[in-house]
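Peer 1: Sequence first, then the predicted structure, then my questions.
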Amino acid sequence: MTRVAIVGVGHSKFGKRTDVNVAELAFESIKQAVEDAKVDRKEIGNVVVGSAGGWYEESLPAVIVNEYAGLNSVGTMRVEAACASGSAAVKAAYNSIVSGETDVAMAVGVEKMTEVDTLTSVELIGRAGSYMWEFENFGMTFPAYYALYAVAHMNRFGTKEEDMSRVAVKAHHYGAMNPLAQFQKEITLEKALGSQVVSWPLKLYDACPLTDGSAAVILASEEAAKKLTDTPVWIRGVGYSSDSANLSRRNDYVGLEATVAAAKRAYAMAKVAPGDVDVATAHDCFTIAELMAYEDLGFCKKGEGAKMVREGQTEVGGKIPVNLDGGLKAKGHPIGATGVSMAVEITKQLRGEAGPHQAPIRNGVGLVHNVGGTGHYAYVTILSRS
Amino acid sequence: MSDDPALHSRRPLTLRFDIPISRTREFWDGLRDGRFITTKCKNCGNVSFPPQADCPNCMKGEFEWVDLGRDAKLLTFTYVQVTPASFVENDPYIIAIGELAKGLKVLAWLEGIGPEDAKLGMAMRIEFRASKEGNPYYVFVKA
Ligand SMILES: [Zn+2]
């Protein structure tokens, strides 16, 4: 089985992108990734497009995106794993190389969420669970899903609303250093705590925004990677799992079992431990999600997520820096693009190209944690310089 | 609104789903009759909620209906203040997850109290309602 490396990355500006349509937006990342990899497009045997869709006008994003980028008659598919569609795209591209099907593949994540009105977007995300049993009569929303976990976590472990707000303050602190982030402005704890309640106890500043954005990575087999680049970043481990559509079928509400299972598989495959990870992206669609991720990924014990953020353990200089690109909270969360964006960020970190928000790299190991829905899907990808 | 030029596409798509419920019909009829029932597999004894005609445990399709009772304990909740587009006419609502006496969990609205009076672990009871379209559904109230 060949090893697989990321040999090219591309990332659009995230935000409300009224200047481009979905194909133009994806093109920004594809062009950068192709140039970064210095690869001939004819070498790309598979293009996997991660996009949840529904909020933009095109129904077949894969072919729309490929046509615009001149990727003609390429093997392609669009994949969906809700907010983890991007990681699913990376996984599918990875598989096509490992299987020997192609030496070079591309994963593109793209989402355009602001062409419809805000409440329609809220509705479409709220339907992403069990429509029949939890939306039709009860009007679930994305914040409501995570709020159910937040209340249980607060009750069980003494996590406070301030702890969640601290995650937002950290996200905005680093987002301010990322020129591609949707929000590039620091916020205060008071501002976060005093923001409008969306679904108690979650407030506006506990929630990621609706975002337009794209990201792309080009993957290559070991042989192809060695010809293309001197700075390959290897995909050392990929773990993925899922959980019930209905929240009523979950065992508990203080962590995401899909994350725990995905992480276990990824660590085992990569033969690394949580303590080996130099830098990580954790799926912080809501601040409580980042606190639970610290625990579920093994960065701390269950129930100690709040302590991690209080002590600054997930900032630069702490035990393990998390979401130095601003995370979903400040960088933005274009659903299908997020997982690819995370892979771009960790690749740049491991190459030492992250600029003002560069983490110190000791072991050369980074981790991407990408959740779909409310732990409906989870992907953990471990990247390494060696 | 942005100043960027846009093609203002206005071809609204209305989604009206007719969702088949023939295989769980007794459940919906039960709600109208004031009974909260679900499916129990005749082969392995697995009880499912939501009800399903095909057993997710052993994949057999022989089942019976069992009464779940109406008592539940509050496990967690949230107070939804920003509602989805199709719920904009609703006042803010509490969504709760309750654990039934038999261990199964149910997600539903918690009605009749404000969020400040919702306490984890408190006793709740299932009650029955009908939507404005006449579809039956269930809610929790404080016991
Ligand atoms: Zn059975």
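Peer 2: Cool, the structure landed.
Peer 1: mind listing what the closest residue to residue A:278 other than its chain neighbours touches?
Peer 2: Computed as CB to CB, 6 or more residues apart in numbering or on different chains, the closest residue to residue A:278 that is not its neighbour in sequence is residue A:361, at 4.9 Å. All C-beta spots, glycine's among them, are computed from the backbone N, C-alpha and C. Contact analysis of residue A:361 by CB atoms under 8 Å, 6 or more residues apart in numbering or on different chains lists A:278, A:279, A:349, A:350, A:352, A:385.
Peer 1: Distance from the chain centre to the helix or strand hosting the third one, please.
Peer 2: If I follow you right, that is residue A:349. Using DSSP states H and E, residue A:349 falls within helix A:338-351. Centre-to-centre, helix A:338-351 and its host chain are 9 Å apart (CA atoms, centre = their mean, to the nearest Å).
Peer 1: Helices of the chain, start to end?
Peer 2: Reading this off chain A. A:22-37, A:61-68, A:85-98, A:118-126, A:142-157, A:161-175, A:189-193, A:222-228, A:257-270, A:287-296, A:305-310, A:327-331, A:338-351 (DSSP state H).
Peer 1: Actually, chain B is the one I wanted.
Peer 2: Using DSSP H, helices in chain B cover B:25-32.
Peer 1: Break it down into its structural domains.
Peer 2: Following automatic domain parsing, chain B resolves into domains at B:16-68, B:69-143.
Peer 1: Now do the end-to-end distance for the shortest one.
Peer 2: Domain B:16-68 stretches 31 Å from its first residue to its last (CA to CA, to the nearest Å).
Peer 1: How about that domain and the ion, any contact?
Peer 2: Yes: Domain B:16-68 comes into contact with the ion (CB under 5 Å from the ion), by way of B:41, B:43, B:44, B:46, B:55, B:57, B:58.
Peer 1: ok, and the closest non-adjacent residue to the residue of the stretch 251-386 of chain A found nearest chain B?
Peer 2: Nearest residue of the stretch 251-386 of chain A to chain B: residue A:253, at 5.1 Å (CB to the nearest CB). Leaving aside its sequence neighbours, residue A:253 sits nearest to residue A:152 (CB to CB, 6+ apart; 3.7 Å).
Peer 1: show me what contacts that neighbour?
Peer 2: A:252, A:253, A:254, B:75, B:76, B:120.
Peer 1: Kindly report the same for residue A:147.
Peer 2: Contacts of residue A:147 by CB under 8 Å, 6+ apart are A:199, A:200, A:201, A:202, A:286, A:288, B:78, B:80.
Peer 1: Please identify the buried residues of stretch A:99-110?
Peer 2: A:102, A:103, A:104, A:105, A:106, A:107, A:108, A:109, A:110 (16 or more other CB atoms under 10 Å in any protein chain shown).
Peer 1: Can you tell me the closest non-neighbouring residue to residue A:313?
Peer 2: residue A:319 (4.3 Å).
Peer 1: What degree of burial does residue 130 show, as a neighbour count?
Peer 2: Going with chain A. Residues near residue A:130, counting by other CB atoms under 10 Å in any protein chain shown, number 19.
Peer 1: that's the wrong chain, I meant chain B
Peer 2: 11.
Peer 1: What of residue B:25?
Peer 2: 11.
Peer 1: do the one 3 residues further on as well
Peer 2: The tally of other residues near residue B:28 (other CB under 10 Å) stands at 14.
Peer 1: Might one say that it is in contact with residue B:19?
Peer 2: No: counting by CB atoms under 8 Å, residue B:28 does not reach residue B:19; the two are 10.7 Å apart.
Peer 1: ok, now which ones touch residue 106?
Peer 2: You didn't say which chain, so I picked chain A. Here residue A:106 is in contact with A:30, A:33, A:44, A:46, A:47, A:48, A:93, A:216, A:217, A:218, A:219 (criterion: CB under 8 Å, 6+ apart).
Peer 1: ah, no, chain B please
Peer 2: Taking CB under 8 Å, 6+ apart as the test, what residue B:106 contacts is A:248, B:49, B:72, B:97, B:98, B:100, B:126, B:138, B:140.
Peer 1: Tell me what it is bridged to.
Peer 2: Taking DSSP bridges as the rule, residue B:106 bridges to residue B:98.
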